[in-house]
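Chemist: Quick one: sequence plus predicted model below, questions after.
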Amino acid sequence: MAVSEEECSSTKSRSASNNGARYLAKCVLRGSVILQVVRGHFRSPTSNDIVFGVEMVHSKRLNVQKFYLGGTPRKVLYHSESRLLLVMRTELNQDTYSSDICWVDPLSGSLLSSFKLELGETGKSMELVRVVNEQVLVVGTSLSSGPAMMPSGEAESTKGRLIVLCLEHMQNSDSGSMTFCSKAGLSSQRTSPFREIVGYAAEQLSGSSLCSSPDDTSCDGVRLEESEAWQLRLAYTTTWPGMVLSICPYLDRYLLASAGNSFYVCGFPNDNPQRVRRFSVGRTRFMIISLTAHFTRIAVGDCRDGVVFYSYHEDSKKLEQLYCDPEQRLVADCILMDVDTAVVSDRKGSIAVLSCSNHFEDNASPECNLTLKCSYYRGEIAMSIKKGSFSYKLPADDILKGCDGSNAIIDFSENSIMASTLLGSIIMFIPISRESSE
């Protein structure tokens, strides 16, 4: 699958008012369908491979690798402690299961170990959630083979599971019975870790820095020691009325999870990952597509009613609806930039910035509506939106500076937006001032 850098002109967003926010859009990568961007890692589920980008060091360019994993990668997470990828795969051609979550070495593409879901069960979502000083992997699945929602946007009568998996680090001597490499992983090990560099981008995307080659001594690398192993252990599971499509950490001690048109605030009693308790529930009119949180603010993406802001009151254990989307928006994904601002993509190819920062209490409307700050139309559906930082550098800068990036100024404020689309674009939205826009 060829991936090439797109030499496209930058485009400015359309501001809804003179005081509205402005973003500069830049397409940094083009390829096949990309449904997710995770800390600079790019995923392509159109075939049996996973594509991800890695920022080497600040003086080097972004390389893109392609690995064959089998099945269809649906979700990718980066585990910083192990420096490995957690990949959710579906459509596996196996007799006893068709979906699993596996550990993947990002240098070689090797499958190190996996947790298999039940026969007929499909993975839908997963997130790393912190429980005191450890991280657990919370997984949402579907136990039904049909669609998640009706053509009207209402949730189908289905069932799903919420699963909590503990991430265990052990020595190989303690896990001799484990199978570390599948057939796909073995095929990757027979070649160089960078066996297929399929493109690069001159821009730098913030993420977790990795080494550019096995012999590179400029950083620690992502090499898995021979005596180390990671596996997933089942800690808790429960069946919910609906497919669990969205999971989100909340306030470092809760998690948010949606099933159908309901979403729940859950926690771990006594900080025990083997127990999950639902503290409160909120409901929308139609299917919930996405959940995101920033501090105490919760943004819920309804597939037809747009984005709705909520707040959770810990004392009374109740959810309060605060602001609504000013229009019926076919939400694809959304992200909160801060407690007042949300960026939302719809299934018509638009990306909008909504805010409640200028809301007045004496609003005549019975509902407190969000304000449209700016919008951008590209014609490609952005299925995933993430916050990130961006540092632009021309290719000639390497030559002029002698490839020395020690004096480079890197912005890690995460005020930029990374969007990945169905047509394979990775788009960066960079905030700009009013003076720069004009």
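Modeler: Nice, I can see it.

Chemist: Show me the helices in the protein, by range?
Modeler: 183-189, 396-400, 434-437 (DSSP state H).

Chemist: and the shortest one, average pLDDT?
Modeler: Helix 434-437 shows a mean pLDDT of 66.

Chemist: Then the second one?
Modeler: The average pLDDT for helix 396-400 rounds to 52.

Chemist: Use 53 as the first number for this chain going forward.
Modeler: Understood, numbering begins at 53; the last thing we discussed is helix 448-452.

Chemist: Number of residues surrounding residue 385?
Modeler: 24 (other Cβ atoms under 10 Å). All C-beta spots, glycine's among them, are computed from the backbone N, C-alpha and C.

Chemist: Next: residue 212.
Modeler: 26.

Chemist: For the nearest residue to residue 342 once chain neighbours are set aside, list the residues it contacts.
Modeler: Spatial nearest neighbour of residue 342, excluding adjacent residues (Cβ to Cβ, 6 or more residues apart in numbering): residue 353 at 3.6 Å. Contacts for residue 353 were tallied using Cβ atoms under 8 Å, 6 or more residues apart in numbering; they are 298, 340-344, 359, 383, 385-386, 396.

Chemist: rerun at 10 Å
Modeler: By Cβ atoms under 10 Å, 6 or more residues apart in numbering, the contact set of residue 353 is 298, 310, 336, 339-344, 359-360, 377, 381-387, 394, 396-398.

Chemist: ok, so what distance separates residue 213 from residue 196?
Modeler: Taking Cβ to Cβ, to the nearest Å as the measure, residue 213 falls 11 Å from residue 196.

Chemist: brain fart, residue 206
Modeler: 15 Å.

Chemist: what pairs with residue 288 across the strands?
Modeler: In this entry, residue 288 is beta-bridged to residue 216, by DSSP bridges.

Chemist: hang on, I meant residue 301
Modeler: Going by DSSP bridges, residue 301 forms beta bridges with residue 307.

Chemist: I'd assumed residue 178 was in contact with residue 131.
Modeler: No. Using Cβ atoms under 10 Å, residue 131 is not in contact with residue 178; the gap is 11.6 Å.

Chemist: Between the two, which has more neighbouring residues?
Modeler: Neighbours were counted for residue 131 and for residue 178 using other Cβ under 10 Å; residue 178 has more, 23 against 16.

Chemist: Do I have it right that that one meets residue 169?
Modeler: No. Here residue 178 does not reach residue 169: they are 11.1 Å apart, not a contact under Cβ under 10 Å.

Chemist: overlap in contacts of the two?
Modeler: In contact with both residue 178 and residue 169: 140, 153, 191, 193, 215, using Cβ under 10 Å, 6+ apart.

Chemist: could you redo those as a markdown table and give each row pLDDT and distance to residue 315?
Modeler: A markdown table is the format used below for those (pLDDT from 0 to 100; distance: Cβ to Cβ, whole Å):
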| residue | pLDDT | distance to residue 315 |
| --- | --- | --- |
| 140 | 94 | 20 |
| 153 | 96 | 22 |
| 191 | 97 | 16 |
| 193 | 96 | 16 |
| 215 | 97 | 17 |
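
Chemist: Now intersect those residues with the strands, please.
Modeler: Among the shared contacts of residue 178 and residue 169, the ones falling in strands (DSSP state E) are 140, 153, 191, 193, 215.

Chemist: what's the neighbour count on the first one?
Modeler: Read it as residue 140. 27.

Chemist: Does it touch residue 176 like I think?
Modeler: Yes. Using Cβ under 10 Å, residue 140 is in contact with residue 176, at 8.4 Å.

Chemist: Now do the shared contacts for these two.
Modeler: 126-127, 151, 191-193.

Chemist: Nearest to residue 437 among the residues you listed?
Modeler: residue 127 (14.9 Å; Cβ to Cβ).

Chemist: isn't the closest one right next to residue 193, touching?
Modeler: No. Under the criterion of Cβ under 10 Å, residue 127 makes no contact with residue 193, lying 11.4 Å away.

Chemist: quick one: common contacting residues for those two?
Modeler: 140, 142, 175-178.

Chemist: Tell me the one among those residues nearest to residue 201.
Modeler: Distances from residue 201 to the shared contacts of residue 127 and residue 193, taken by Cβ to Cβ, are shortest for residue 176, at 12.6 Å.

Chemist: From residue 151, how far off is the closest one?
Modeler: 9 Å.

Chemist: Residues that sit against both of the two, list them.
Modeler: With Cβ under 10 Å, 6+ apart as the test, residue 176 and residue 151 both reach 126, 140, 142, 191, 193-194.

Chemist: returning to that earlier point: who has more neighbours out of residue 213 and residue 196?
Modeler: Using other Cβ under 10 Å as the criterion, residue 213 and residue 196 rank with residue 213 on top: 21 against 17.

Chemist: Contacts only, for the more buried one.
Modeler: 169-170, 173, 175-176, 191-195, 289-292, 295-296, 311.

Chemist: So for residue 127 and residue 193, which sits in the more crowded spot?
Modeler: residue 193 (27 against 24).

Chemist: Contact partners for that one?
Modeler: 140, 142, 151, 169-170, 173-178, 211-215, 289, 291-292, 295-297.

Chemist: Would you show me how to pick out the buried ones of those in ChimeraX?
Modeler: Buried residues among the contacts of residue 193 (16 or more other Cβ atoms under 10 Å), as a ChimeraX selection:
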select :140,142,151,169,173,174,175,176,177,178,211,212,213,214,215,292,295,296,297
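
Chemist: Show me the contacts of residue 193 that map onto strands.
Modeler: Among the contacts of residue 193, the ones falling in strands (DSSP E) are 140, 142, 174-178, 212-215, 289, 291-292, 296-297.
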